[in-house]
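>>> fold the following and give me the result.
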Amino acid sequence: EALDKKTAKAEILALADHQEKEYGSYVDTSADDTVARLLKGYYQHSNASVRYGVTAKDIIAELVKGDLVLAPCQGQRLGNPNFTLPGPERHMLVIRGYDPATDELITNDPGTRLGEGYRYKSGVLMYAILDYPTGDHEPIVKEEKNVIVVGK
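Numbers count the residues shown, from 1 in each chain. Got it, this is the predicted structure:
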């Protein structure tokens with residue numbers, strides 16, 4: 001089902017309101033809390049889980065199965081020229097495909113108006129993947145390559 005900008009914005013605002021009401025904040029949600037609070041709690045989507053310590057091969061295997069991968073990132077590491085400099089420190093994007101001919105992961109990146117279908121070299125995206133703790137810019141004390149896998 002197609003999602004237009006107006007509907008997407010309304011949904012994002014509803015998610016923020018839900019988190020503010022239920023948890024006191026909607027800022028910077030870890031992979032674990034995103035699954036528990038939003039995908040399972042808000043959307044009642046049972047086929048979502050966190051994969052810990054992933055590699056590019058792990059992500060590609062999920063994509064081959066037809067799953068989506070949500071990746072928390074240190075956005076400045078992405079080097080996306082469409083971000084307002086220096087780029088977002090904490091950022092979440094959707095990985096929707098892989099192109100083996102170019103070794104690029106295909107994303108939908110809500111952080112930029114040119115984010116639909118944006119491609120990152122797999123090494124660049126893997127360098128940027130970084131799970132962060134829940135809370136408004138809580139210190140990141142561990143470098144964890146965790147992602148969220150959302151099945152159909």
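
>>> which strands and helices sit next to the longest strand that the chain contains?
Using DSSP state E, we find that the single longest strand of the chain is strand 91-99. Using 3 or more Cβ pairs under 8 Å, 6 or more residues apart in numbering; DSSP states H and E as the contact test, the elements touching strand 91-99 are helix 56-64, strand 68-73, strand 104-108. C-beta coordinates here come from the backbone N, C-alpha and C atoms, glycine included.

>>> what helix or strand is the residue of the chain most remote from its centre located in?
Relative to the C-alpha centroid of the chain, counting by Cα atoms, centre = their mean, residue 101 is the outermost residue, at 23.8 Å. Following DSSP states H and E, one finds residue 101 outside all helices and strands.

>>> phi, psi of it?
phi -70, psi -30 (degrees, to the nearest 10).

>>> contacts for the longest strand of the chain?
Contacts with strand 91-99, where a contact means Cβ atoms under 8 Å, 6 or more residues apart in numbering, come from 34, 59-60, 63-64, 68-75, 78, 104-111, 115, 119, 122, 125, 147.

>>> what about the protein, any weak spots by pLDDT?
Within the chain, the segments meeting pLDDT under 70 span 1-2.
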